[in-house]
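# just to be clear, the model below is a prediction. Sequence and coordinates:
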Amino acid sequence: MFKLLDRIFCVIAALLASQFPRFIDTYATRLSGHVAEAQRVVDHFTKASESFGLTLSQYIAKFGSSIEPEFQMQGQIMQEAVFRLSYLTKGFIALTQAEWYIKPLYFFRYLDREVALKT
């Protein structure tokens, strides 16, 4: 019985070990697209802030300090977009520049569930 379980475990481990690096590479490719899209969104916010002579941080703070709940929510959305760009970029750089044996650690550290599920 233990020999059978041992063999089943070895087969499953071998399958995972052979497919996981490819999955990480595919995930990194998808992640690069999400980074580009997040950058595009933040660039639009930056251009809007500059048109008013403000930095992006000042622009977001202005929305956040508004008495209107609609503007406060827009400020939160912008702040989340900036955070997401930073998080995705860190994950992408870590995955693409890491040695093969460290990639799984970075994969789990910077995992974006939305991207992973669509990979």
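Looks like it came in fine. Residues are numbered from 1 along each chain as shown.
# straight-line length of stretch 99-116, end to end?
End-to-end distance for stretch 99-116, by C-alpha to C-alpha, to the nearest Å: 20 Å.
# buried residues in it?
By neighbour count on 16 or more other C-beta atoms under 10 Å, the buried set for stretch 99-116 is 103, 106-107, 110, 112, 115. Where C-beta positions appear, they are placed from N, C-alpha and C, glycine not excepted.
# for it, the averaged confidence score.
Average pLDDT, stretch 99-116: 91.
# skipping adjacent residues, who's closest to Leu31 in space?
Among residues not flanking Leu31 along the chain, Phe92 sits closest, at 4.9 Å (C-beta to C-beta, 6 or more residues apart in numbering).
# that neighbour is in contact with Tyr27, isn't it?
No: look at Phe92 against Tyr27 with C-beta atoms under 8 Å: they stay out of range, at 9.8 Å.
# what's the longest helix in the protein?
Using DSSP state H to define each element, the chain has its longest helix at helix 2-51.
# list the contacts for the residue lying closest to Gly64 once chain neighbours are set aside?
Spatial nearest neighbour of Gly64, excluding adjacent residues (C-beta to C-beta, 6+ apart): Gly75 at 3.6 Å. By C-beta atoms under 8 Å, 6 or more residues apart in numbering, the contact set of Gly75 is 60-66.
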